[in-house]
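Colleague: Provided below for reference: sequence and predicted model.
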Amino acid sequence: MSGTSWGDRPSYKVRGKAFVIYREPRPDADDEATGERMDDVVVFSTPDDETKRALIESDGPWFTTPHFDGYRAVLLRLRNLGAVTRDELAEVVTDAWLARAPERLAKEFLAEGSGG
């Protein structure tokens with residue numbers, strides 16, 4: 001289900017909880033080349049700090065900012081989406097959904113063999 005979060009930002013939600021959010025330009029994420037605020041950042045929930053750390057430390061385009069310290073999420077610029085394989089993106093979105101879905105719904109999803 002899609003909707004809005006953080007005011008009016010487009011997002012994907014499960015039972016009212018956002019798991020993917022299109023982030024507004026903020027002062028903690030400036031483009032190194034232009035100095036302008038990044039206007040194409042997407043936030044993906046992660047199930048835990050370990051997953052967040054693994055994505056950020058990978059060779060991929062995932063990153064974070066100090067604003068997200070202590071928050072289980074990674075960031076991705078839309079312009080870098082091509083650097084992520086379809087399988088990796090599917091895994092990150094599925095993990096994000098599972099991280100925010102009610103436990104019973106997540107268990108049903110996994111039991112159906114739809115996850116992982």
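Modeller: On my side now, so go ahead.
Colleague: all contacts plus neighbour counts: C-alpha atoms, from now on.
Modeller: Fine.
Colleague: Give me the buried positions along the longest helix along the chain.
Modeller: Determined from DSSP state H, the single longest helix within the chain is helix 86-100. Neighbour-count burial for helix 86-100, counted by 16 or more other Cα atoms under 10 Å, picks out 92, 93, 94, 95, 96, 97, 98, 99, 100.
Colleague: for that helix, packing partners?
Modeller: strand 9-14, strand 17-22, strand 41-45 (3 or more Cα pairs under 8 Å, 6 or more residues apart in numbering; DSSP states H and E).
Colleague: and of those strands, who's closest to residue 82?
Modeller: strand 41-45 (13.8 Å; Cα to Cα).
Colleague: Not including adjacent chain positions, what is the nearest residue to residue 80?
Modeller: Among residues not flanking residue 80 along the chain, residue 61 sits closest, at 6.4 Å (Cα to Cα, 6 or more residues apart in numbering).
Colleague: Can you give me the neighbour number for that neighbour?
Modeller: Neighbour count for residue 61, taken as other Cα atoms under 10 Å: 19.
Colleague: what residue ranges in this structure score low on pLDDT?
Modeller: 1-7, 114-116 (pLDDT under 70).
Colleague: So which residue is smack in the middle of it?
Modeller: In the chain, the C-alpha nearest the mean C-alpha coordinate belongs to residue 44, at 0.7 Å (Cα atoms, centre = their mean).
Colleague: Please list all residues in contact with it.
Modeller: 19, 20, 21, 73, 74, 75, 76, 92, 93, 96 (Cα atoms under 8 Å, 6 or more residues apart in numbering).
Colleague: swap in residue 100?
Modeller: 14, 17, 18, 19, 45.
Colleague: what do you get if the cut-off is 7 Å, keeping everything else the same?
Modeller: Neighbouring residues of residue 100 by Cα atoms under 7 Å, 6 or more residues apart in numbering: 14, 17, 19.
Colleague: Now do the longest helix of the chain and strand 41-45, the angle between them.
Modeller: In terms of direction (axes from the mean of the first three to the mean of the last three Cα atoms, to 10 degrees), helix 86-100 departs from strand 41-45 by 60 degrees.
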